[in-house]
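>>> Predicted model, plus sequence, below.
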Amino acid sequence: MARLPQETQQRKPWYREPGPWLVALGPACVVVGSLFCVYLAFSRQDDLVTQNYYQAGLTVNQRMHEDEKARALGLDGQLTIDVTRGQVALTLDNPEKQPLPPVLQLDLAHPTQEKLDQHVVLSKTEGNSYIANIEPTKASRWHVTVQNEELWRMEGEWDAHSGNVVRIQPTSRAAAPADN
């Protein structure tokens, strides 16, 4: 009597066969990926939205008045940022020859990471120039605001790929929301 080939070989247990492992690999990858996404969602705080959005909305009209005041004075300027050395220098254009304050507030706001934001005081050096020290950082983009307390303000966008000089100017009226 001839033996069949199946009878001559001993069958391996299921866990020694590659088939069941290949079938289970797909769902296992999905479970691991899902757990990683859940970890990312709960381990990081979302900095994209202000905590007090209602209060921020109420200040829109105040900001528009500050922009209009800077525009009426004809103010604009250039801010030079050196993040590796931790220095900023501001040169204002002041065609109306308005008296400039001894200090200005400089706010550097990162678009997505609030912990990279910096708020410093610019001190007047000579003429229309101001200087301040900032903490060295690897940030490559900031929204820049220069303001004289609550009298006037100017804004600009700094991107490291565009160079280290930012043009600071009042926000245009077209970009501002309409009055109610």
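Now that the structure is in, tell me what you want to look at.

>>> residue ranges with poor pLDDT in the protein?
1-9, 46-53, 61-62, 96, 172-180 (pLDDT under 70).

>>> Break it down into its structural domains.
14-42, 75-168 (automatic domain parsing).

>>> Can you mark which positions in the shortest one are buried?
So the one you mean is domain 14-42. Within domain 14-42, no residue is scored as buried using 16 or more other CB atoms under 10 Å. In short, each C-beta sits where N, CA and C put it, glycine included.

>>> neighbours around A56, how many?
A56: 12 surrounding residues under other CB atoms under 10 Å.

>>> Surely it is in a strand?
No - remark: A56 does not belong to a strand; assigned using DSSP: H, G, I helix; E, B strand; the rest coil, it is helix.

>>> distance of it from A139?
Going from A56 to A139 by CB to CB, to the nearest Å gives 22 Å.

>>> sorry, back to before: just put the domains of the chain in a markdown table and tack on distance to K69.
Formatted as a markdown table, these follow (distance: least, CB to CB, whole Å):
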| stretch | distance to K69 |
| --- | --- |
| domain 14-42 | 43 |
| domain 75-168 | 4 |
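
>>> Most tightly packed of those?
domain 75-168 (a mean of 16; mean count of other CB atoms under 10 Å).

>>> Which of the helices or strands spans the most centrally placed residue in the chain?
Most central in the chain under CA atoms, centre = their mean is P111, positioned 2.0 Å from the mean C-alpha point. Using DSSP states H and E, P111 sits in no helix or strand.

>>> My understanding was that it contacts V144; is that so?
No - in this structure P111 lies outside contact range of V144 using CB atoms under 8 Å: 11.7 Å.

>>> For the protein, which segments are assigned as helices?
Per DSSP state H, the chain carries helices over the ranges 5-8, 18-43, 53-58, 60-73.

>>> quick one, which of these is nearest to G163?
G163 lies closest to helix 60-73 among the helices of the chain, at 23.5 Å (CB to CB).

>>> Tell me who's in contact with the closest residue to E149 other than its chain neighbours.
In this structure, E149 finds its nearest non-sequential neighbour in Q105, 7.2 Å apart by CB to CB, 6 or more residues apart in numbering. Applying CB atoms under 8 Å, 6 or more residues apart in numbering, we find Q105 in contact with 119, 121-122, 145-149.
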